[in-house]
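S.K.: got a structure for you, letters missing:
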């Protein structure tokens, strides 16, 4: 058996230790499910049709409490990422590196992943304990007054990664964090810090600057796919639009069940039947123009039965409620309900373009600069381009939000967007939304286990 | 073992010299009056390897001397002159006879006495005797350990006697830890089961032999599959997270091996590899006085299994065989096709959906209801009547130098689910070799090969697992077995239904071969260093190799979706043992001492390997060629090891044969525990008072035994996974660039303080024997408190781990056990009855830092919650909503409380615990069920009359609840799967006076989180009934017994599932009384024969 005493000695050990940090991304309490659900259900595009977990309904209908189950799962799993990253950083000093630059690369990837975990934590929960080293002795860390320090750590981690990682990876390294991914996430961090509730408006320019620099960096080589559908094909999951994803593979216990989760229950749609656990709000389905080229990839409009190939199913004739089609690639055939290989984008190029538009708009209002990103996205979707003269800062903000929803729905962005842009209370009509819904409570289980934690005042 | 064989070659010596020669070389002493016996008479003798009786008979033949052997004393007396001179004198006659034991073996050296005289003889090697007596004499036959019998010689010249063992004798020897004791000297609580009790009726494995036979021992089935797993609890469960199984010790060897290669169903029972025919006795040590000598492994009780050994005498051969047929004990009453289709349409109509029957697009599966008939009875398709058979041959014998007990057997049982079975071939060889009088070397060797084919039964039917029991009840009767093209229907096609696999395809084509090879062997050297002091050194090995190979061919749904799926698993368990035990016995006047001390060491290795592949072009390879698949699964393997070094000691001190004291201690050093707590110490102390030996009670004729016992002590439980105290790194892989990368990261928070759980137990007992022990009563009260409970206690998860495995918390078990035995009739018609009754009360006392919560889920896809764990409550209770019937009319619906605004007439009502007018799972749940029985009991009756024997054995449990998860699929008034016929009584606008909810497509999730699933699991079962007849002396046979046995013939219960004796969650400590598609139990009729030569 392996213990820290006989491990962390060679370069290979350091590489394996880093892999254990990547491994946390695909946990169902993290990006494989719960983080996506937490960002999607309390939005306006998505709801839970068939679902046994109360938490999903609570999220969808804004009735969550401090004990709602998903919060603790997300909180604790993101700290697993942080602990493994801290473990790598702690033990790395024991290792004598022979390959030049390897140590910096490993630190860079590790800090990228730690920054990513903290970025999600602070946006979800706002006040979280800051852990920067492996320490099993002092476990009851406080979350009071940590916000500034956590943000600083996030910026530093992404900055270090940006400066030490490859602009682009190839071969067996595809899937690792890159300088481009770090810069994109740095832009996202600045954007979030500039928006609600931190409102550090001086960071709009930093966000715009980092986004622009990433868009223009030819070494990263980012570009929009011509055809929206190609973004979600298994064969093209590391195409020009890819920035950073959770990597899944079939047939090696490295798949996920998202197609099952969103597939149509008893629908003859996918080989192993779907669950209809994340489905589309009819209002959102109707909001997308029928001319929008994204429509047929985003939603299930029509398909041939998988067990009854002579049958065609269509919405709304033989499919009762609208479903997502985004992550259903019929060539993606794994070894069971949880063995699909299609990766999940944490961020991709259209996200970056729209972030840039948003930062520019907040900084200077509806300028051509601000319209650059959103119009590239609209052009590909076959929608008319926006004209600066038609917009105020506020209306363009909403247009960017709406565009993000159409472009990025089901990818785990909308709750963060509503939070940052302060749109939750105005856009959600169906349920009663209050100020406290802009933040998630410190999970009750965590409060029970740690006397030094303080609950967010909105939940007291 | 009075039949020592001797070698004597002496010429022309005096009788006295002959006697001293025998006394010097053999353990016998001669006693005689030398005024009566002339020991100077000269003789010559030349006998080789002859029983002592033969030698004595030949030497004393013409000397006018009678002899009698009592133990190792040979008493000589002068023959009656008349007797000698005129045996044909009027009024006297010669009676010949034969004395056999209950097994039909000759009893050698039994005393035959003409009652009231000194006239007597002993039986020879064939159990025969000849004695001349008065015409109307009473002949008394006695032998140590057997009841004295008397026969009147009037009108008969020959008598055949079958001696009955005197099970009440207080000098009965019982096996205890690291030694044996006279039962009368015990201070602890020990239940003893003898081989006669085991073998009176056929049992297939050890646990069946224990069930209901020992007070305080609960045996339940995790699976009724052939070779299926059982759960044994001695006086309740002491632990929440460690194993609660007792320690099993076979011929002194603490065993752990014999595990299967994993997976569901058959060959799961490690005890199934032992042949019950080999067992001489089973002792169950229950209180600390008895178990403390097993230290850190003693807290859950200890089961000592002793196999048969040889004794002196000519080879005796026994053959036991039976053959029988089993049938499913109960079928569930399910809807037929028409009833089910009606329900489906009604449910859809209620939920505003269009009918499914008929569906013009798919008339094959969904015809008009009027065209449907009974449909398919999937239970009939899957269940079958199944043969079972057993053969055992054994040879026992020996002489002074070597004694042997060897045997072999074959046991084969087909399961009542088609194509499931279990087979075992085994042999045993126990030898005792006396090298010199002070040194004996013994071997104990058993080896077995078990092979089985399993069918998936317990657990989930969903997700392509192919559960056969699930399929047999849940697959709707309306679904044909074959599709329109003649291929198997793969899954349930009903909209809104479970994607249940077709169980017929599974039973006909699924292959799941499971094998276990087991070798358990040890060599003991017993050296009598000096008088009263013995050293026993043991080396032993327990080797077990298990393999499981399963294949899902394309005819099955699971195989079809993966183009064939094959899997191979290997497991190897090895344990080596060394024990060095010194025993000292001394009697000094009124003081008697027995001292045991020793050092033991045992190491355990475990290895596991598995691999799988899918995507086969042909089904022909089965699981024998994993490389032939096109897609390879992730292989798995691991290895672990732990060891235990121990010092042990015990002092038994008896004063005046009535004040008994026992002091026991053991120190265990275990590799499993933290660096700060490597050594543990477990002491116990016990006293007993044999009041019946006091002068003032000796005169009381009817009181044959009165003993009061009390003990206190501590024992431990070290049954946790290896390496739990260490900071472990785990495998955490991730794919990059399409290639799997190996990752290694931290797995837990280390805990260097981790240690054993400690159970302190107090036992007070009373043993009473009345009327020469014809009536006996044993009562025990115990209280056990377990502290330092191991539990994963929550830590702030910001440290990276949500919990730490720690010694924290405590729980208690207390209970009462009563065992009553009586020889109601002892004449020619005999009736012996044994009853035991026990109750145990379990309660969690405290777990600091733990917030009471539901422990896991019992079914993931049905969302059925597991038990509720809370200090102050027993382990295993369910905290769920209380079902309160249905909204029968509008008034009730308006009055509420409702669980949802959408509740309609006919929907389920629940009790509004907090009275807030609405139903909410978190706020309104309450403790609605407890799987722990109020009491359990067993009742055995043995009758015999002349050659007939008849026995009935009942066993039962009272007051326990069962969570019947099958109800979550078959009792929900929905199209999910076939429904029980009781759902015909569902609420409809015309059938409102009912408590069964209306039909719905989507089940009310709260229904499955309520006591709708919980039923009373009390039962009383006639476990076995046996009628036998024994023929004496049939041709070449010593005895021949024929019998017929019925197993599981009647059960009285209100439980609606297949079998109330169920425990689907196997060895889980927290999930008790769960029935999740358990393998149904069988009833059986067996015909058998016991022959001895």
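M.R.: In hand now; what should we look at? None of these values were measured; they are calculated from a predicted model.

S.K.: what parts of the stretch 201-350 of chain A come near chain B?
M.R.: Residues of the stretch 201-350 of chain A lying near chain B by Cβ under 8 Å from any Cβ of the partner chain: A:247-249, A:251-254, A:266, A:271-273, A:311, A:335-337. All C-beta atoms are positioned from the backbone trio N, CA, C, and that covers glycine.

S.K.: let's see that with 10 Å instead.
M.R.: A:238, A:246-255, A:265-268, A:271-273, A:275, A:307-308, A:310-311, A:320, A:333-338, A:341, A:343 (Cβ under 10 Å from any Cβ of the partner chain).

S.K.: name only those of these that count as buried.
M.R.: By neighbour count, with 16 or more other Cβ atoms under 10 Å in any protein chain shown, these hold A:238, A:246-255, A:265-268, A:272-273, A:275, A:333-338, A:341, A:343 as buried.

S.K.: in helices only, show me these.
M.R.: With helices taken from DSSP state H, there is no overlap with these.

S.K.: ok but residue A:84 is inside a strand, no?
M.R.: No. Counting by DSSP: H, G, I helix; E, B strand; the rest coil, residue A:84 is located in no strand; its state is helix.

S.K.: does it really touch residue A:134, like I thought?
M.R.: Yes. Look at residue A:84 against residue A:134 with Cβ atoms under 10 Å: they come within range, at 9.0 Å.

S.K.: what touches both of those two?
M.R.: Taking Cβ atoms under 10 Å, 6 or more residues apart in numbering or on different chains as the contact rule, residue A:84 and residue A:134 both touch B:746, B:800.

S.K.: low-confidence ranges, chain A, go.
M.R.: Within chain A, the stretches with pLDDT under 70 are A:1, A:51-52.

S.K.: what about the strands in it?
M.R.: For chain A, applying DSSP state E gives strands covering A:46-47, A:242-246, A:279-280, A:302-304, A:312-314, A:344-348.

S.K.: by contact count, what packs against the second one?
M.R.: Same thing as strand A:242-246. On a contact count with 3 or more Cβ pairs under 10 Å, 6 or more residues apart in numbering or on different chains; DSSP states H and E, strand A:242-246 meets helix A:11-25, helix A:179-194, strand A:344-348, helix A:349-364.

S.K.: go ahead and flag the most central residue of chain B.
M.R.: Note on chain B: the residue nearest the mean C-alpha position is residue B:207, at 1.2 Å, using Cα atoms, centre = their mean.

S.K.: that residue belongs to a helix?
M.R.: Yes. Counting by three-state DSSP, residue B:207 is located in a helix.

S.K.: export the helices and strands packed on strand A:242-246 to a markdown table and tack on mean neighbour count?
M.R.: Below are the helices and strands packed on strand A:242-246 laid out as a markdown table (neighbours: other Cβ atoms under 10 Å in any protein chain shown):
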| stretch | mean neighbour count |
| --- | --- |
| helix A:11-25 | 23 |
| helix A:179-194 | 26 |
| strand A:344-348 | 23 |
| helix A:349-364 | 25 |
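
S.K.: what sits against residue B:234?
M.R.: By Cβ under 10 Å, 6+ apart, the residues touching residue B:234 are B:191, B:210, B:214, B:216-218, B:244-247, B:284-287, B:291, B:299-303, B:813, B:840.

S.K.: just the ones of the residues you listed in helices?
M.R.: When these are checked against helices (DSSP H), the matches are B:210, B:291.

S.K.: want to throw the strands of chain A into TSV with distance to residue A:364?
M.R.: As requested, those are exported to TSV (distance: least, Cβ to Cβ, whole Å):
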stretch	distance to residue A:364
strand A:46-47	33
strand A:242-246	25
strand A:279-280	35
strand A:302-304	44
strand A:312-314	46
strand A:344-348	24
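
S.K.: can you say which of the ones you listed is packed in most?
M.R.: Ranked by mean neighbour count, the strands of chain A are led by strand A:279-280 with a mean of 24 (mean count of other Cβ atoms under 10 Å in any protein chain shown).

S.K.: can you name every helix or strand that that one contacts?
M.R.: Counting contacts by 3+ Cβ pairs under 10 Å, 6+ apart, strand A:279-280 packs against strand A:46-47.

S.K.: what are the pairing partners of the strand it packs on, and which direction each?
M.R.: Here strand A:46-47 is paired, per DSSP bridges, with strand A:279-280 (antiparallel).

S.K.: what does stretch B:19-34 contact?
M.R.: B:2, B:4-10, B:13-16, B:18, B:37, B:39-40, B:45, B:52, B:55-56, B:59, B:65, B:67-78, B:400, B:437.

S.K.: returning to that earlier point: nearest to residue B:628, of the helices and strands packed on strand A:242-246?
M.R.: Residue B:628 lies closest to helix A:11-25 among the helices and strands packed on strand A:242-246, at 31.4 Å (Cβ to Cβ).

S.K.: report the inter-axis angle for the closest one versus strand A:242-246.
M.R.: Angle, helix A:11-25 to strand A:242-246, by axes from the mean of the first three to the mean of the last three Cα atoms, to 10 degrees: 90 degrees.

S.K.: help me confirm that residue B:132 is found in a helix?
M.R.: No. Using three-state DSSP, the secondary structure at residue B:132 is strand, not a helix.

S.K.: run a quick neighbour tally on the spatially closest residue to residue B:181 that is not a sequence neighbour.
M.R.: Spatial nearest neighbour of residue B:181, excluding adjacent residues (Cβ to Cβ, 6 or more residues apart in numbering or on different chains): residue B:174 at 6.1 Å. Using other Cβ atoms under 10 Å in any protein chain shown, residue B:174 is surrounded by 21 other residues.

S.K.: test my guess that residue B:174 contacts residue B:280.
M.R.: No. Assessed by Cβ under 10 Å, residue B:174 is found out of contact with residue B:280, at 11.6 Å.

S.K.: which helix or which strand is home to the residue nearest to residue B:181?
M.R.: Using DSSP states H and E, residue B:174 falls within strand B:173-176.

S.K.: give me the contact list for that strand.
M.R.: With Cβ under 10 Å, 6+ apart as the test, strand B:173-176 has contacts from B:145, B:180-186, B:188, B:190-192, B:194, B:249, B:251-252, B:280-283, B:285, B:289-291, B:293, B:302, B:304-306, B:596, B:650, B:652, B:662.

S.K.: list buried residues within those.
M.R.: The neighbour count (16+ other Cβ under 10 Å) marks B:181, B:183-186, B:188, B:190-192, B:194, B:249, B:251-252, B:280-283, B:285, B:289-291, B:293, B:302, B:304-306, B:596, B:650, B:652, B:662 as buried among those.

S.K.: return the subset of the residues you listed lying in helices.
M.R.: Here DSSP H is the test, and the buried ones among the contacts of strand B:173-176 give B:289-291 as lying in helices.

S.K.: for residue B:528, state which of those residues is nearest.
M.R.: Closest approach between these and residue B:528, by Cβ to Cβ: residue B:290, at 26.1 Å.

S.K.: tell me the spacing between the spatially most central residue of chain A and residue A:259.
M.R.: Centroid check for chain A by Cα atoms, centre = their mean gives residue A:346 as the closest residue, at 3.9 Å. Distance, residue A:346 to residue A:259, by Cβ to Cβ, to the nearest Å: 18 Å.

S.K.: neighbours of the residue in the stretch 301-450 of chain A that chain B sits nearest to, how many?
M.R.: Ranked by Cβ to the nearest Cβ, the top residue of the stretch 301-450 of chain A for proximity to chain B is residue A:450, at 3.6 Å. Residues near residue A:450, counting by other Cβ under 10 Å, number 22.

S.K.: residue B:275 and residue B:428 touch, don't they?
M.R.: Yes. At 7.0 Å, residue B:275 counts as touching residue B:428 under the criterion of Cβ under 10 Å.

S.K.: joint contacts of those two?
M.R.: In contact with both residue B:275 and residue B:428: B:307, B:392, B:394, B:407-409, B:446, B:448, using Cβ under 10 Å, 6+ apart.
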